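Undergrad: build me a structure from this.
(one chain, ligands or ions: 2)
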Amino acid sequence: MTFTDRTTIVSAPGKVLLAGGYLVLDPAFSGLVVATDARFYTLIRPGHHSTTTEPYKVVVRSPQFNNATWTYWITLQGTTMDFSPSKEDESRNTFVELALNYSFAMLARLVPAETLTKTLESGLEIVIAGNNDFYSQRKELETRGLDLNTESLTQIPLFASTHTTLSKVHKTGLGSSAALITSLVAAIFIHFDASKLQQDHTTNTQFLHNVAQFVHCLAQGKVGSGFDVSSAVWGSHTYRRFSPEVLQSVMHQDAIQDIPALLKIVTPKETAWDNVVVPFKLAPRLHLMLADIDAGSHTPTLVSNVLKWRKTKPEEANGLWSRLGGSNDKVVELLKELDQVAKSNIVAYDRSIQKASTVAASAWTGLVNQTITNEDTTLELLVKIHAEFLTVRRYLREMSKLSEVPVEPEEQTRLLDACMTVPGVLMAGVPGAGGFDAIFCIVLSDESRKGVEGVWSGFQEMSVGPLLCQESVEGGLVVELGHGHGDNKPLSEYTPTVQRLLQL
Ligand SMILES: Nc1ncnc2c1ncn2[C@@H]1O[C@H](COP(=O)(O)OP(=O)(O)O)[C@@H](O)[C@H]1O
Ligand SMILES: C[C@@](O)(CCOP(=O)(O)OP(=O)(O)O)CC(=O)O
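TA: Numbering: from 1, shown residues only. Ligands and ions are numbered 1, 2, ... in the order given. Modelled structure (predicted):
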C-alpha cells in the first residue's frame with residue numbers, strides 16, 4: 001500500500017455571480033458566474049477499522065472548525081441501505097449528512113454489493129476542507145498581529161483554523177455549501193468507481209451535477225437558481241437555471257424512501273434537465289478581485305423582499321428586469337467579443353490593455369482617438385464594457401430604490417465609485433444578491449490591483465477585507481487524486497495543496 005493507495009481527492013471551485021443576481025432565479029434570464037481558484041476539497045480514504053461485519057463506519061472530519069467530526073453508520077440490505085448518524089456526535093451537519101445519505105442510497109442501487117462491501121469493510125475516513133478564502137481570516141490575522149491585506153493573507157497556512165464554529169464563522173460568499181456538496185458527492189461516486197468521470201465525462205458530470213443540485217436544494221430547504229452548484233461543477237459560464245419543477249416532486253425528507261424515483265430524476269438519460277451552461281472565460285489580462293465586507297447581509301432575506309416587490313408591483317419590476325437583463329447580456333456579449341479580439345491580434349490587444357491600465361476608465365474614450373485601427377477595437381470595447389456595466393449598476397440602484405432592498409446600497413456605491421477612479425479598473429460591482437456582503441473588481445494590471453487594494457484598505461465607512469482568490473483556470477470539478485489521476489506518486493510530487501490535505 002503506498003501513501004495514496006485508494007485515496008480519492010476531488011475539488012470544486014467557489015463562485016462569484018458577476019451579473020444576473022435575482023434575474024437568474026427566472027429561467028427567462030441568464031447570469032454570468034465566474035468560478036474562483038479558491039476551491040473546496042473532499043478527501044476519501046480507507047478507515048482504520050478492521051471490521052468485516054456491519055454496520056460500516058464513515059467518519060467525516062472538518063479540520064478548519066476545531067476538527068469537528070461527524071460519524072455515520074451504514075448497513076447494507078441488498079439494494080437498500082440503512083444510514084444513521086452517531087448519537088454521540090455533538091452536532092449534526094445537514095449538508096454533509098444529506099450528501100452522504102443520498103449518495104450511499106443511490107450507490108446501493110448502482111454498484112454491485114461486493115464492490116460496496118469491499119470498499120466499506122475498513123470504514124471510510126472523509127476530510128473536507130475549503131480554501132482559506134471561503135471564511136473570513138480576520139481572527140487569524142489579529143492573532144498573528146497582521147494587517148488586513150493580501151500580503152498578510154499569504155502568510156496564513158493552507159486550510160488554517162477559523163478559530164470558531166460553523167454556526168459562528170463569517171463566510172465570504174464564495175458558496176462554501178455548494179462547493180462542499182459538489183466535491184463530496186463527486187468524491188463518493190468516484191471513490192466507488194460509480195461515476196467513471198474520466199470515461200463518459202458529459203453524462204457522468206451531468207449526473208453528478210443533478211445529484212449535487214438535489215442535495216443542495218434539500219439541505220437549504222429551497223430550490224434556488226442553482227448557479228453556485230452549476231459553477232462548482234462546470235466552472236465559469238453564463239447560466240440559465242433548470243426549471244424548479246424538475247426537483248419539486250422530491251423536495252422533501254421522505255425522498256430517501258423512494259430512491260428509484262429519485263434516480264429517475266437525476267439520471268440524465270431518464271430526465272432531461274433544461275439548465276443552459278455556456279462556457280465563459282475572461283479575456284487575457286482581465287483579472288478578478290474580490291473583497292469581503294464585514295457588515296455582511298442575509299441573502300435569503302434580500303431575495304425574499306425583492307421577490308415580494310416583484311410580486312406586488314409586477315409591471316414596475318418586470319420592466320426593470322427586462323432592461324437589466326438586456327444590459328447584463330450586453331456586458332457578457334462585449335466581454336466575449338473582447339476575448340475574440342485578443343485571439344485575433346494579441347500584440348495589438350496587449351498594447352491597448354497596457355495603455356488602458358495607465359488611466360481611469362472615465363478617460364479611455366480619449367485614448368480611442370489616439371491609436372491605430374485594431375487597437376481602437378480593443379479600446380472601443382473596453383469603453384463599451386465600462387459604460388454598459390455602469391448602466392447595470394444604475395439599474396441595480398433603481399431596483400434598490402423601488403424594492404427598498406439595499407442591493408447596491410449607498411455605502412457600496414461610494415466604495416465602487418472610488419474603485420473606478422483607479423487606473424485600469426474595468427468593472428466594479430456588488431456580486432450576486434448584493435447588499436453588504438462583498439464587492440468585485442475586474443482590473444487590467446498588477447498596478448491596478450495595488451491601486452484598488454489601496455482604496456479598500458483606506459475606506460473608512462466599512463471594513464473591506466481582500467481575498468486572495470482570482471478567476472479559476474482549472475474550471476469546475478477536478479479529480480485531484482484517485483482512479484488514474486496521479487495515483488501512487490511520492491508525496492513530494494503532489495501539489496502543496498494535495499500534500500497538505502493528505503497530512504490533515
Ligand atoms: N469546512 C466545512 N466543514 C464542514 N461543513 C461546512 C464547511 N464549510 C461549509 N460547510 C457547511 O455549509 C454550510 C454553509 O452553508 P451556507 O450557510 O449556505 O453558506 P454558503 O453561502 O457559503 O454556502 C455550513 O453550515 C456547513 O454545514
Ligand atoms: C439572488 C440570487 O440570484 C443570487 C445570490 O447570489 P449570492 O452569491 O449573493 O448568494 P450567497 O452565496 O447565498 O450569498 C439567488 C439565486 O440565484 O439563488
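
Undergrad: mind listing what residue 411 touches?
TA: By C-beta atoms under 8 Å, 6 or more residues apart in numbering, the residues touching residue 411 are 436, 461-462. Every C-beta, even on glycine, is put in place using the N, C-alpha and C of the backbone.

Undergrad: let's have those residues in TSV, adding secondary structure, distance to ligand 2 and pLDDT.
TA: Listed next are the contacts of residue 411 as TSV, based on DSSP: H, G, I helix; E, B strand; the rest coil; distance: C-beta to the nearest ligand atom, whole Å; pLDDT from 0 to 100:
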residue	secondary structure	distance to ligand 2	pLDDT
436	coil	11	96
461	coil	20	96
462	coil	17	96
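
Undergrad: tell me which element residue 92 falls in.
TA: Here residue 92 sits in a region with no helix or strand, counting by DSSP states H and E.

Undergrad: run through the residues that contact it.
TA: Residues touching residue 92, when contacts are defined by C-beta under 8 Å, 6+ apart, comprise 70, 85.

Undergrad: in terms of helices and strands, where is residue 353?
TA: When elements are assigned from DSSP H and E, residue 353 belongs to helix 346-356.

Undergrad: state the three-state secondary structure for residue 97.
TA: Secondary structure assignment for residue 97 (DSSP: H, G, I helix; E, B strand; the rest coil): helix.

Undergrad: and if you look at the one 5 residues further on?
TA: Three states are possible here, and by three-state DSSP the one that applies to residue 102 is helix.

Undergrad: and it, how many neighbours?
TA: Counted with other C-beta atoms under 10 Å, the burial measure for residue 102 works out to 23 neighbours.

Undergrad: how far away is it from ligand 1?
TA: According to C-beta to the nearest ligand atom, to the nearest Å, residue 102 and ligand 1 sit 15 Å apart.

Undergrad: wait, that residue touches residue 216, no?
TA: No: assessed by C-beta atoms under 8 Å, residue 102 is found out of contact with residue 216, at 11.0 Å.

Undergrad: check contacts around residue 404.
TA: With contact taken as C-beta under 8 Å, 6+ apart, residue 404 is in contact with 305, 309.

Undergrad: how close does it sit to ligand 2?
TA: 16 Å.

Undergrad: same question for residue 159.
TA: Residue 159 sits 21 Å away from ligand 2, going by C-beta to the nearest ligand atom.

Undergrad: nearest to ligand 1, of the contacts of residue 411?
TA: When these are compared for distance to ligand 1, the smallest value, 14.7 Å, is given by residue 436; criterion: C-beta to the nearest ligand atom.

Undergrad: list the contacts for the nearest residue to the closest one once chain neighbours are set aside?
TA: In space, residue 436 comes closest to residue 295 once its chain neighbours are excluded; the distance is 3.7 Å by C-beta to C-beta, 6 or more residues apart in numbering. With contact set as C-beta under 8 Å, 6+ apart, residue 295 has these partners: 436, 462-463.

Undergrad: would you list the phi and psi of residue 224?
TA: Dihedral angles of residue 224 (phi, psi; degrees, to the nearest 10) stand at phi -70, psi -170.

Undergrad: tell me the pLDDT at the residue in the stretch 251-400 of the chain that ligand 2 sits nearest to?
TA: The shortest separation between the stretch 251-400 of the chain and ligand 2 is 3.7 Å, found at residue 299 (distances taken as C-beta to the nearest ligand atom). Model confidence at residue 299, given as pLDDT, is 93.

Undergrad: ok, it touching residue 434?
TA: No: with contact defined as C-beta under 8 Å, residue 299 does not reach residue 434; the gap is 9.2 Å.

Undergrad: and these two? Which one has more around it.
TA: Neighbour comparison, residue 299 and residue 434: the larger count goes to residue 434, with 28 against 16 (by other C-beta under 10 Å).

Undergrad: next one, pLDDT for the closest residue to ligand 2 within the stretch 351-500 of the chain please.
TA: In the stretch 351-500 of the chain, no residue comes nearer to ligand 2 than residue 432, which is 2.4 Å away by C-beta to the nearest ligand atom. At residue 432, the model reports a pLDDT of 98.

Undergrad: and the stretch 351-500 of the chain, which residues reach ligand 2?
TA: 431-433, 437 (C-beta under 6 Å from any ligand atom).

Undergrad: again, only using 5 Å
TA: Within the stretch 351-500 of the chain, the positions near ligand 2 by C-beta under 5 Å from any ligand atom are 432-433.

Undergrad: all helices for the stretch 351-500 of the chain, in order.
TA: Counting by DSSP state H, counting those that start in this stretch, the stretch 351-500 of the chain forms helices over residues 364-368, 373-403, 410-420, 446-458, 496-503, given from the N-terminal end onward.

Undergrad: what does the shortest one contact?
TA: In other words, helix 364-368. Residues outside helix 364-368 that contact it (C-beta under 8 Å, 6+ apart): 355-356, 359, 376, 379-380, 382-383, 386.

Undergrad: could you give the angle of the helix holding residue 353 to helix 373-403?
TA: Taking axes from the mean of the first three to the mean of the last three C-alpha atoms, to 10 degrees, helix 346-356 and helix 373-403 form an angle of 50 degrees between their directions.

Undergrad: which helices and strands does helix 346-356 pack with?
TA: Contacting helix 346-356 under the criterion 3 or more C-beta pairs under 8 Å, 6 or more residues apart in numbering; DSSP states H and E are the following elements: helix 364-368, helix 373-403.

Undergrad: winner for burial among the ones you listed?
TA: Between these, helix 373-403 has the highest mean count of neighbours, a mean of 20, where neighbours are mean count of other C-beta atoms under 10 Å.

Undergrad: just to revisit the earlier point, among the contacts of residue 411, which ones are buried?
TA: For those, a neighbour count by 16 or more other C-beta atoms under 10 Å gives the buried set as 436, 462.

Undergrad: can you report how many residues neighbour the nearest residue to residue 130 once chain neighbours are set aside?
TA: Take residue 130 and drop its neighbours on the chain: the residue closest to it by C-beta to C-beta, 6+ apart is residue 40, 4.5 Å away. Here the count is done by other C-beta under 10 Å, and residue 40 has 26 residues near it.

Undergrad: any idea how far the helix or strand bottoming out on mean pLDDT in the chain is from the chain center?
TA: Within the chain, judged by mean pLDDT, DSSP states H and E, the helix or strand with the poorest mean is helix 113-120; its value is a mean of 88. Centroid separation for helix 113-120 versus its chain: 32 Å, with C-alpha atoms, centre = their mean, to the nearest Å.
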